[in-house]
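Asker: Just to be clear, the model below is a prediction. Sequence and coordinates:
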Amino acid sequence: MVLKILVLWLLLCFSYSKADTCLPDVEGLCTPGITIEEEVTIEKTEEDKGTEIIFTTTTTKTTTTTTVTNEDSGNVLNLPDMAQDWGGEGPASMPSGTSCGQLGTDTCAEITGSGNNKSRMLVDGMGTTFYQEVDISDLQIDNGGQVTYSIEVDKQDAQDRIYMHVTGTDILSESGITSGYQSYNGSFDFSGVLSKVTIEIGGRDINLAIGPLFDDVSVNVFYNVISTIIEQQITTVEEIVYLNIVDSTQIDLIEEIIEYNDIKVDDAGKIEFTPIEQPQQEISYETVESEIDFKIDNIQPEPEMEMASLEAEMEESIEVMEVEETVDEQPTKEEATETNTEEMEEPVVADNDSSEQEEMEEPKEKSVKEPSAKEKAATKLVKEIDDEARYDETNQLKTLIVMQILGDTKSFFDTQTIIQDKNVDEYLSKSIQDPYAKDYSLAQDYIMEQIINSQYGRN
């Protein structure tokens, strides 16, 4: 059951390089650059499962990287050098050579119409137009930009006029202006989507002499390309708080299981316990003797009664072995009778001799012998045996070897001679002759005859 849910929202935004915000309704070019924004969301939950409480912290980091670049379409016109008439409205001419004035000797375009009409692009004062509509939908322009153009113009009559319309109208040279030869450059900003470009060049030849001339028209579209990459990183951290509902016995059991088992979890989540085999210590006369020699070099002074304690511990530790190997022998009836007889035949001591007997039986004070270094080392070795493991096979053998070392009876562990069993088959195949069998048969016959005679009164 979820006790508590805490959701904490943190918004952290920063940028490595500031770039202008480009919205669909913003005209013109954006400043190229990279903007990186980070949004961090932290969600915390608390779940009580009875035996434990799980605190979960989920951090979601969302990184938004926005890259702005400006791309160039290049000249989108199909006929930039006016080698061919574009088509349009009103009369026109395509001269070349010296008729093109300062535009060069190649072909140029001349506006010859004198009308005063409204053009297709709704420009007033039009007599002649050149018109192109270029499809640029393959560029996938959808974030605004800028259209630039350039055109070479030679207006020899000041009363004439010429204009250029590219998504907007630019009057290149108005009537009454002596412009002569000029190179014009201009631009128009746009927003949002641009899928085609309409180019219209028009004007009037008022005096019907030499109309406005133009050539080398170029139209480029610069547009914004915005790429956005969103990366999300989710980090989950769980903190488990175990409640104090497990007693010490269970904890000890768990620790013992972990200590003596190799625990593995497979891909399916199944837990497998494999007992860890404890290395068996090799016990021999040589290994025990080596331990004693090592302890002799590091022996510390200990109380004089240590040998008595050692002997008691040794006797206790090998008691189990003696019980298993000793067979209780009960005295026979004859041995018991002889024993009682001997006890009855013991001489009776007179009262006047009791004092002498007490003097003879007075215990003599025994001198305490200082234990040797080997005995002290052996005592220390036996004392180091854990009480719980004192009666296992390994420590029983170690204790027995210690006694043999102190008694200098190493030959006890020599390889014993194996007694070969006799072949009992040869005995089983022999028959045993009964020397009394014949006499027993004769005795049976005699008794039977006596019984028969007693029936008939025979003697």
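Answerer: Cool, got the structure. Numbering: from 1, shown residues only.
Asker: Could I get the full set of helices for the stretch 101-250 of the chain?
Answerer: According to DSSP state H, counting those that start in this stretch, the stretch 101-250 of the chain carries its helices in the segments 248-260.
Asker: quick one: Met94 from Glu291, how far?
Answerer: Distance of Met94 to Glu291, computed by C-beta to C-beta, to the nearest Å: 119 Å. Heads up, the C-betas are built off the backbone N, CA and C, glycines and all.
Asker: more crowded one of the two?
Answerer: A direct count of neighbours by other C-beta atoms under 10 Å for Met94 and Glu291 places Glu291 higher, at 18 against 14.
Asker: Return the backbone torsion pair for the more buried one.
Answerer: Backbone geometry at Glu291, expressed as degrees, to the nearest 10, gives phi -60, psi -40.
Asker: shouldn't it be in contact with Leu381?
Answerer: Yes. Using C-beta atoms under 8 Å, Glu291 is in contact with Leu381, at 5.7 Å.
Asker: For the nearest residue to Gly202 once chain neighbours are set aside, which residues are in contact?
Answerer: Of all residues not flanking Gly202 in the chain, Thr129 sits nearest, at 3.7 Å (C-beta to C-beta, 6 or more residues apart in numbering). Contacts here follow C-beta atoms under 8 Å, 6 or more residues apart in numbering; on that basis Thr129 touches 88-90, 119-120, 200-202.
Asker: Just the pLDDT for Thr129.
Answerer: Note on Thr129: pLDDT of 95.
Asker: can you pull out the strands in the stretch 51-200 of the chain?
Answerer: Assigned by DSSP state E, counting those that start in this stretch, the stretch 51-200 of the chain shows strands spanning 52-75, 92-93, 109-111, 128-135, 145-155, 161-166, 169-173, 180-190, 196-204.
Asker: Tabulate these (CSV), appending distance to Asn298.
Answerer: Shown next, in CSV, are the strands of the stretch 51-200 of the chain (distance: least, C-beta to C-beta, whole Å):
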stretch, distance to Asn298
strand 52-75, 49
strand 92-93, 121
strand 109-111, 116
strand 128-135, 101
strand 145-155, 92
strand 161-166, 104
strand 169-173, 108
strand 180-190, 96
strand 196-204, 101
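Asker: follow-up on the earlier one: I'd like the distance between the residue nearest to Gly202 and Tyr184.
Answerer: Going from Thr129 to Tyr184 by C-beta to C-beta gives 17 Å.
Asker: can you check Glu52 too?
Answerer: Distance of Glu52 to Tyr184, computed by C-beta to C-beta: 81 Å.
Asker: Tell me which of the two has more neighbours.
Answerer: The residue with more neighbours, out of Glu52 and Tyr184, is Tyr184; 17 against 12, by other C-beta under 10 Å.
Asker: So the more buried one is in contact with Ile162, correct?
Answerer: No. The criterion here is C-beta under 8 Å, and Tyr184 misses it with Ile162 at 9.2 Å.
Asker: Give the residues shared as contacts by the two.
Answerer: Common neighbours of Tyr184 and Ile162 are listed as 153, 172 (criterion: C-beta under 8 Å, 6+ apart).
Asker: Low-confidence ranges, this structure, go.
Answerer: The model of the chain has pLDDT under 70 over residues 1-25, 245-248, 250, 278-281, 299-369, 386-390, 408-447, 452, 454-459.
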